[in-house]
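Visitor: Okay, here's the prediction I keep looking at, along with the sequence it came from:
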2 protein chains.
Amino acid sequence: MIKQPASWLFFTLFAISGLTYAANKSVAPTANGIRLPKDYQDWKVIGTSHRTDNNSLRVIVGNDIAVTAAQSGKTNPWPKGSILGKLVWKDSQHPDWAEATVPGALSHIEFMLKDAVTYRKTGGWGYARWVGDKATPYGKDANFANACYSCHTTVKKDDYVFTRPVSLP
Amino acid sequence: MIKQPASWLFFTLFAISGLTYAANKSVAPTANGIRLPKDYQDWKVIGTSHRTDNNSLRVIVGNDIAVTAAQSGKTNPWPKGSILGKLVWKDSQHPDWAEATVPGALSHIEFMLKDAVTYRKTGGWGYARWVGDKATPYGKDANFANACYSCHTTVKKDDYVFTRPVSLP
């Protein structure tokens, strides 16, 4: 705890900010104090992608605040309280349809939580990731989020979000 | 109506079978009498895939019956009333991340409805597809489902379903 003052600072600010949600308390928080949203498996689809630079497939889901924003096109900036979840699997080839890349082993699940005050040092988004089936928190200290932020700066013009929400009939 | 007795037969059986759900009545039914599930955008994620044979990305979602079956591994056969939805987009390259294939234009949304009696002629699954943003029913008559069935026979051993449900922590 003494070695990681930043994570406790984040946790305190997080509680003060009012960005609250039901957390899965059986999963350890990330080093920056973010807890796994309890009901993320129930969230609606916002997008999907296949990355050939790291051979992974992902589905992007969102909490109600994020989905409402996505459906109304009000995502620049995304409203406070938006949470985007990315469910990421390693590429696998479908055994019965060679031209289909499908989910293999779970790589990780990761989340972006929007709160311009709490997460002002990383562009207004808090970053969290849990690795593998056991949902092991990623990052040895709270600084891991800087790497997330750095990469997402590529799309600063889109409020740091790569995902372009889909629309459906 | 006189020219398409098969579709009306299907529709009647459908109503009798008890495989009922809230339908989006502003969208025309398919020629085999299947209506678009009203709440499919709220369904949970069951899988995803990227097909390089037709350059499309898809997210597979399921109704509650299907999701419960998927989470408990009881999918061979899938229980009566299961509905699987596939949301399919044409490939697009992310403008800010060249190695990411992301959804382009909506190709179609398609569904498989499990009822071994009603859909016995197509392996126990009813097939439905709506094309594009306007959700235009696919298929000029009820026979379109034969092509769906034919292709899905590839995975008859898996109750005609290509999707292998993901699991999440």
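Guide: That came through, no problem.

Visitor: Quick one: find the helix or strand in chain A with the lowest mean pLDDT.
Guide: Ranking every helix and strand in chain A by mean pLDDT, DSSP states H and E puts helix A:5-17 at the bottom, with a mean of 48.

Visitor: Which of the three states applies to the nearest residue to A:Pro165 once chain neighbours are set aside?
Guide: Nearest non-adjacent residue to A:Pro165, counting by Cβ to Cβ, 6 or more residues apart in numbering or on different chains: A:Ala70, 3.6 Å away. Heads up, the C-betas are built off the backbone N, CA and C, glycines and all. Counting by DSSP: H, G, I helix; E, B strand; the rest coil, the backbone at A:Ala70 sits in helix.

Visitor: doesn't A:Asn63 make contact with A:Ala70?
Guide: No - taking Cβ atoms under 8 Å as the definition, A:Ala70 is not a contact partner of A:Asn63, at 10.7 Å.

Visitor: between these two, which one's more packed in?
Guide: Legend: neighbour count by other Cβ atoms under 10 Å in any protein chain shown for A:Ala70 and A:Asn63, higher for A:Ala70 (24 against 21).

Visitor: any idea how far that one lies from chain B?
Guide: Distance from A:Ala70 to chain B, counting by Cβ to the nearest Cβ, to the nearest Å: 11 Å.

Visitor: check contacts around that residue.
Guide: Contacts of A:Ala70 were listed using Cβ atoms under 8 Å, 6 or more residues apart in numbering or on different chains, and they are A:46, A:62, A:165.

Visitor: let's see 10 Å
Guide: A:44-47, A:60, A:62, A:78, A:82, A:84, A:163-167 (Cβ atoms under 10 Å, 6 or more residues apart in numbering or on different chains).

Visitor: pLDDT (mean, whole number) over the helix or strand where A:Ala66 lies?
Guide: Element membership for A:Ala66 (DSSP states H and E) is helix A:64-72. For helix A:64-72, mean pLDDT rounds to 97.

Visitor: got it, and stretch A:137-144?
Guide: Rounded mean pLDDT across stretch A:137-144 is 96.

Visitor: Quote the end-to-end distance of it.
Guide: 11 Å (Cα to Cα, to the nearest Å).

Visitor: any shared contact partners between A:Ala70 and A:Asn63?
Guide: Both A:Ala70 and A:Asn63 are in contact with A:44, A:82, A:84, where contact means Cβ under 10 Å, 6+ apart.

Visitor: Would you mind putting those into CSV with neighbour count, pLDDT and secondary structure alongside?
Guide: Formatted as CSV, the shared contacts of A:Ala70 and A:Asn63 follow (neighbours: other Cβ atoms under 10 Å in any protein chain shown; pLDDT from 0 to 100; DSSP: H, G, I helix; E, B strand; the rest coil):
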residue, neighbour count, pLDDT, secondary structure
A:Lys44, 20, 97, strand
A:Ser82, 25, 98, coil
A:Leu84, 26, 98, strand
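
Visitor: which among those are in contact with chain B?
Guide: Filtering the shared contacts of A:Ala70 and A:Asn63 for proximity to chain B by Cβ under 10 Å from any Cβ of the partner chain leaves A:Lys44.

Visitor: Go through the shared contacts of A:Ala70 and A:Asn63 and name the one nearest B:Trp89.
Guide: Set against B:Trp89, the nearest of the shared contacts of A:Ala70 and A:Asn63 by Cβ to Cβ is A:Lys44 (15.8 Å).

Visitor: What is the burial count for the residue nearest to that closest one when sequence neighbours are not counted?
Guide: Spatially, and ignoring its direct neighbours in sequence, A:Lys44 is nearest to A:Val67 (4.9 Å; Cβ to Cβ, 6+ apart). A:Val67 has 20 neighbouring residues, counting by other Cβ under 10 Å.

Visitor: With the one 5 residues further on instead?
Guide: Counted with other Cβ under 10 Å, residues neighbouring A:Ser72 total 9.

Visitor: For the residue of chain A most remote from its centre, which residues are in contact?
Guide: Residue farthest from the centre of chain A, counting by Cα atoms, centre = their mean, is A:Asp96 at 31.8 Å. By Cβ under 10 Å, 6+ apart, the contact set of A:Asp96 is B:154-155, B:157-158, B:162, B:164.

Visitor: Can you classify A:Lys156 by secondary structure?
Guide: helix.
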